[in-house]
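**Student:** any chance you could fold what I've pasted below:
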Amino acid sequence: MLRIGCHLSSSKGFLHMGKEAVEIGANTFQFFTRNPRGSRAKEIDPEDVRKFLEFAKEHDICQILAHAPYTLNPCSKDAKTRDFAWMTMEDDLKRMEYVPGNCYNFHPGSHVGQGAQEGIQMISEMLNRILKEEQHTTVLLETMAGKGTEVGRSFEELAQILDRVELKNHMGVCLDTCHVYDAGYDLVGQLDQVLEEFDRVIGLDNGADDFISKPFSMLELIARIRAVLRRSQPAQSVREYRLGPLYVCPEQHIVRVDGQDVTLTNKEFELLLFLLRHPNQVFSREDLYEMIWGLESMGDNITVAVHINRLREKIEKDPSAPEYIQTVWGVGYRLKIV
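**Tutor:** Below you'll find the model as predicted:
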């Protein structure tokens, strides 16, 4: 079912917001968890929450969206500002447990001249510190317009944050259309293409094994599902690979760099293992798609490219100048072993 609502004031409590939503024909709503320009939060009334939950069930109100205050900046230069962001979000998520199963949205913040990568690292560190396995709230990164030094100006930046978060099952993305348009994505002239790019970048960079565009045939969908199931079995091999600081044990599905464990998805591991077993041999994107995904006629070059980039981020000392997985321009990729 399509959920449509608007932003409502939380000053009179949850039940009042629920009734106001029904009055305007909405089946969801957004609200600020506290003063959007400050830090003060209204005391939660358990009885108000109880009545709201009953009212919401009766009127099919669900997936309400809490919005963090604008003052949060988890990637600020100032340690006190970062601490404020951590403490505020941690408290907000505890308060959200009164209304479980909903969403909490926040602006990633501004790196203030430290660089986007430093900002991305700080944001992911905060999320890894705050998120709890037992929580019942999905935390959403909001797409940003890219004004000043805002982080999250591109789908790729959001994907990098998500890739570094440990509890990915508690994360999502809020697609703010105004911000996305201001960031340069042509939602007016190329809406379908922008949404497809969003699904592809956010999905594949967040651990998806494949991507399929709409419209698609049922035969293609079934073929892709079979391929994923067929290729999801762990690789069987007793051989160990050691390339400088890189260590790979196929039998135990272990990958280490400088002695530190590296977590790979099934497809990332299969791709790395295939290249290790064919050192210095160049493969086109189409070749790699056929070998790893097993669907030559349905291959998508973006799928291979994204997985290659993710592997480089995880095993290369400098992903922008890779030592192992190298690009042979105009041809494809190879794993270089001297």
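**Student:** when you work out contacts or count neighbours from here on, use the C-alpha atoms and nothing else.
**Tutor:** Noted.
**Student:** which ones are touching residue 123?
**Tutor:** Contact partners of residue 123, counting by C-alpha atoms under 8 Å, 6 or more residues apart in numbering, are 74, 75, 108, 161.
**Student:** which stretches of the stretch 1-150 of the chain form helices?
**Tutor:** With DSSP state H, counting those that start in this stretch as the criterion, the stretch 1-150 of the chain has helices at 14-23, 46-58, 79-96, 116-130.
**Student:** now do the first one: distance to the chain's middle.
**Tutor:** What it means is helix 14-23. With C-alpha atoms, centre = their mean, to the nearest Å as the basis, helix 14-23 stands 31 Å off its chain's centre.
**Student:** before we move on, what about the last one?
**Tutor:** Between the centre of helix 116-130 and the centre of its host chain there is 13 Å, according to C-alpha atoms, centre = their mean.
**Student:** mean confidence for that helix?
**Tutor:** The pLDDT scores in helix 116-130 average 95.
**Student:** swap in the shortest one?
**Tutor:** Mean pLDDT, helix 14-23: 97.
**Student:** in this structure residue 171 contacts residue 135, no?
**Tutor:** No - here residue 171 lies out of contact with residue 135, judged by C-alpha atoms under 8 Å, at a distance of 11.4 Å.
**Student:** between those two, which one's more packed in?
**Tutor:** residue 171 (20 against 14; other C-alpha atoms under 10 Å).
**Student:** what's near enough to touch the more buried one?
**Tutor:** Taking C-alpha under 8 Å, 6+ apart as the test, what residue 171 contacts is 138, 139, 140, 141, 162.
**Student:** next, count neighbours for the fourth one.
**Tutor:** Spelled out, that is residue 141. Residue 141: 21 surrounding residues under other C-alpha under 10 Å.
**Student:** assign the closest residue to it other than its chain neighbours to helix, strand or coil.
**Tutor:** Spatial nearest neighbour of residue 141, excluding adjacent residues (C-alpha to C-alpha, 6 or more residues apart in numbering): residue 173 at 4.7 Å. Here residue 173 is recorded as strand under DSSP: H, G, I helix; E, B strand; the rest coil.
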